[in-house]
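Engineer: below: sequence and its predicted model.
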Amino acid sequence: MEVTLTQLIHMAPELGSLLREDVRSGRLAATRKRGVAGRPYVLRTEELESFGRPEYRELAELVGRSPQVMAPRARRASVSAPLVAARADTELFDIVESQHMMLKDLVQVLTQEMRTRYDRLDRQQMQLQELSYKLGQSHQEIARLERLLAERSFARVDEAK
């Protein structure tokens, strides 16, 4: 069975650099696919099995067990295009839904903070009114005491004459 180097790397990313190095140095036989963008390397699973590394044998067995991943691109695209579109729609829906929830949480936090600020401003306004009332009472008391003091001091001045 033929498989591209990219597909192998997707299946076993930990072997990616070893595979690439062996293909480029010529130790692992691979051909470059013509007529495809990037001209990917195509390997045969028999070559992987016959190579000396046990990891490559395991990878070849994995390729043999998962034919859906190794299906030709044209057939795979035509069969799974609606599934990919549906998956993309659900992913987009999930992203939009999570952003909506984040914005909803943000609005709730901001609303709560505004309520807290307005409550604090209301309390401060009430305290300011109370202090203003007490200040007015204090001024009245001071004026009364000044009048009382003035009457007593005039009374003493009159007595002294």
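Structural biologist: Yep, it's here. Residues are numbered from 1 along each chain as shown.
Engineer: how about the helices in the protein?
Structural biologist: Remark: helices assigned in the chain by DSSP state H are 5-11, 16-25, 45-50, 54-65, 73-160.
Engineer: dump those to TSV, plus mean pLDDT and distance to Lys33.
Structural biologist: In this view, the C-beta of every residue, glycine as well, is placed from N, C-alpha and C. Shown next, in TSV, are these (pLDDT from 0 to 100; distance: least, CB to CB, whole Å):
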stretch	mean pLDDT	distance to Lys33
helix 5-11	81	10
helix 16-25	82	13
helix 45-50	81	15
helix 54-65	81	17
helix 73-160	86	10
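Engineer: can you redo those as CSV with mean neighbour count?
Structural biologist: Formatted as CSV, these follow (neighbours: other CB atoms under 10 Å):
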stretch, mean neighbour count
helix 5-11, 17
helix 16-25, 14
helix 45-50, 17
helix 54-65, 16
helix 73-160, 10
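Engineer: can the ones you listed go into JSON lines with extra columns for distance to Arg32?
Structural biologist: Shown next, in JSON lines, are the helices of the chain (distance: least, CB to CB, whole Å):
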{"stretch": "helix 5-11", "distance to Arg32": "10"}
{"stretch": "helix 16-25", "distance to Arg32": "10"}
{"stretch": "helix 45-50", "distance to Arg32": "15"}
{"stretch": "helix 54-65", "distance to Arg32": "19"}
{"stretch": "helix 73-160", "distance to Arg32": "16"}
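Engineer: among those, which is nearest Gly35?
Structural biologist: Of all these, it is helix 73-160 that lies closest to Gly35, at 11.9 Å by CB to CB.
Engineer: measure how far the closest one is from the centre of its chain, please.
Structural biologist: 28 Å (CA atoms, centre = their mean, to the nearest Å).
Engineer: repeat that for stretch 57-67.
Structural biologist: The answer for stretch 57-67 is 36 Å, by CA atoms, centre = their mean.
Engineer: cool, stretch 30-43 as well?
Structural biologist: Using CA atoms, centre = their mean, the offset of stretch 30-43 from its chain centre is 38 Å.
Engineer: one more: stretch 2-14?
Structural biologist: That offset, for stretch 2-14, works out to 30 Å (CA atoms, centre = their mean).
Engineer: and the contacts of it?
Structural biologist: Residues outside stretch 2-14 that contact it (CB atoms under 8 Å, 6 or more residues apart in numbering): 15-16, 19-20, 23, 30, 33, 40-45, 55, 59, 62-63, 66, 69-70.
Engineer: over to stretch 49-62?
Structural biologist: Contacts for stretch 49-62 (CB under 8 Å, 6+ apart): 8, 11-12, 15, 18-19, 22, 27-28, 45-46, 48.
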